[in-house]
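*Asks:* Next comes the sequence, and after it the predicted model I'd like to discuss.
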Amino acid sequence: MTEAAAYWDITKERMPREEREQNTLTALQSTLHHVYDNLPFYRRHYDAHGFHPDRVETLQDFTERVPVITKQMLRDDQEENPPFGSYVGVGPEDLVRVHGSSGTSGKPTLYAFSAKDWAYTTEVMAQGLYTCGVRPGDRVQLSTVFSLFMGGWGALLGTERIGATAFPLGSGETERQLELMHRIGSTVLICTPTYALHMLETAAVLGYDAAASPLRLGIFIGEPGAAIPGTRSRLESGWGVQVRDMATTSEMTPWATNAECELGVGVHVMQDEVWTEVVDKDDYGKLAPDGESGALIYTHLRRDSQPMIRFLSGDESRMTYEPCDCGRTYPRLPDGVYGRLDDMLLIRGANIYPSQVQRSLLEVPGTGVEFLIVMTREGSMDEATVRVERDPTIEVSDPAAFNTELAQRVQRKLKNDTSVTFKIEILPPETLERAISKAKRVDDQRPKYRPV
């Protein structure tokens, strides 16, 4: 194989950082002027903050001076300017697709795509999947939700653009997923890490040897998890595959602008497609130092329909410019996306993410993959209970004794890792609701404050 064959676009992927950043600055300046002049949403927002695009002369200016936007702002604007908001950027006659958020609560946020942006999404998704290892000879099983959610559709576009065989099976009907995986000879699985773990459990119950499946590669999207060591280890050993993480968010479609290479050392950030900043969690105008944790902010460089400029994703990660041996000059998120700023739990002074709890649970032998954190309040004290299923593959002669001993080990592990003493409830297998897309990990039953 030639050196160029290892890359989708060797010139772009190995471009010197200085050259890429100069190109990015030019693109950002052009985009800022375009949205200010043509999109009412951005003109109102920038005028309200006393900002004008002429104030951006450097990338540092961009971080320090351009105000962020949030998903709630997009929702509010769509309510006031239905159906797509006042930040569409193209005429109705130019729109070819409509997608949206999952809509798990309230009205979904709608995403409109022009033909140009749909073609652009296809190309960038292909680069992301190719970075992860998908090749023309693969048979790619897309066990993703095909609905308003953009993730499955983007993965389908990229698969077809690469020239691999797409098998868009969708999610659910897990027994059928496993049977058809073997029958078709799927070599790549794309889904959420939660659903892949659930498929492993189902395979064990049905007597399938998942590690002997035809799969060679698992690419995981839609939620944090594939970068968590315990989750990754279980996916790798259970399926006998290489695990690759992909990230960003539907608002930033093409969302495959964070993709992990064959070395598995964190997702590469395709800065020439979506400019990505990791900023101080308390000051969005201040970059976090290289390698330190912060809030992820994204900016489209080439999207016409609904461009996102400094979109505050709510995700937490850290970024490094340390060189990768694969030769790509993009920065990396070495731990992927490992937390949500808005699902962080404050438990007796400690900041806890569900992904932290998941990491610890997976390192305790005897636990299953499904868990739920239940928050309650007794008097003035918050109580946190972790409900976790036991491993369905383990034969248990005395469930009560087994559960007691396992609960003690789980409690010690969580205390050691988080400094929080959780109450632990060990549940029989198949007790908790299974998620075929994003898993719900927190049930907050604490009374909500209502002002008088």
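*Replies:* Cool, the structure landed. As the structure is a prediction and not an experimental result, all values here were calculated from the model.
*Asks:* how many neighbours does the residue nearest to L301 when sequence neighbours are not counted have?
*Replies:* The shortest distance from L301 to any non-neighbouring residue, by Cβ to Cβ, 6 or more residues apart in numbering, is to A27 (4.5 Å). Backbone N, C-alpha and C define where each C-beta goes, glycine included. Residues contacting A27 under the criterion other Cβ atoms under 10 Å number 17.
*Asks:* try C324
*Replies:* 18.
*Asks:* average model confidence for stretch 61-71?
*Replies:* Averaging pLDDT along stretch 61-71 yields 97.
*Asks:* May I see the buried residues of that stretch?
*Replies:* Neighbour counts over stretch 61-71 (16 or more other Cβ atoms under 10 Å) mark F62, T63, R65, V66, P67, V68, I69, K71 as buried.
*Asks:* for stretch 199-209, same thing?
*Replies:* M199, L200, E201, T202, A203, A204, Y208.
*Asks:* Check stretch 39-59 too.
*Replies:* Quick answer for stretch 39-59 (16+ other Cβ under 10 Å): L39, F41, Y42, H45, Y46, F51, P53, V56, L59.
*Asks:* for stretch 172-187, same thing?
*Replies:* Residues of stretch 172-187 classed as buried by neighbour count (16+ other Cβ under 10 Å): T174, Q177, L178, L180, M181, S186, T187.
*Asks:* need these in JSON lines with pLDDT, can you?
*Replies:* Below are the buried residues of stretch 172-187 laid out as JSON lines (pLDDT from 0 to 100):
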{"residue": "T174", "pLDDT": "92"}
{"residue": "Q177", "pLDDT": "95"}
{"residue": "L178", "pLDDT": "96"}
{"residue": "L180", "pLDDT": "97"}
{"residue": "M181", "pLDDT": "97"}
{"residue": "S186", "pLDDT": "98"}
{"residue": "T187", "pLDDT": "98"}
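*Asks:* Could you pull out the helices in the stretch 301-450 of the chain for me?
*Replies:* Along the stretch 301-450 of the chain, the segments classed as helices by DSSP state H, counting those that start in this stretch run 354-361, 399-418.
*Asks:* again with the stretch 101-250 of the chain
*Replies:* With DSSP H, counting those that start in this stretch as the criterion, the stretch 101-250 of the chain has helices spanning 115-132, 151-162, 174-184, 193-206, 229-239.
*Asks:* can you list contacts of the first one?
*Replies:* Same thing as helix 115-132. Contacts to helix 115-132, defined as Cβ atoms under 8 Å, 6 or more residues apart in numbering, come from residues 7-9, 13, 94, 96-97, 113, 154-155, 157-162, 217, 219, 244, 246, 253-254, 256-261, 268, 270, 273, 302-305, 328.
*Asks:* Can you check what angle separates it from helix 151-162?
*Replies:* 80 degrees (axes from the mean of the first three to the mean of the last three Cα atoms, to 10 degrees).
*Asks:* Widest-spaced pair of the buried residues of stretch 61-71?
*Replies:* Greatest spatial distance among the buried residues of stretch 61-71 (Cβ to Cβ): R65 and K71, at 21.9 Å.
*Asks:* Between the helices of the stretch 101-250 of the chain, which one is closest to V369.
*Replies:* That would be helix 193-206 among the helices of the stretch 101-250 of the chain, by Cβ to Cβ, at 3.9 Å.
*Asks:* Dump the C-alpha coordinates for that closest one into CSV.
*Replies:* Listed next in CSV are the C-alpha coordinates belonging to helix 193-206 (Å, rounded to 0.1, in the frame of the first residue of the first chain):
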residue,chain,number,x,y,z
PRO,A,193,-21.3,2.0,22.6
THR,A,194,-24.3,1.4,24.8
TYR,A,195,-26.1,-0.6,22.1
ALA,A,196,-22.9,-2.5,21.2
LEU,A,197,-22.6,-3.6,24.9
HIS,A,198,-26.3,-4.6,24.9
MET,A,199,-25.7,-6.7,21.8
LEU,A,200,-22.9,-8.4,23.6
GLU,A,201,-25.2,-9.3,26.5
THR,A,202,-27.8,-10.6,24.1
ALA,A,203,-25.2,-12.7,22.2
ALA,A,204,-24.1,-14.3,25.4
VAL,A,205,-27.7,-15.3,26.4
LEU,A,206,-28.4,-16.7,22.9
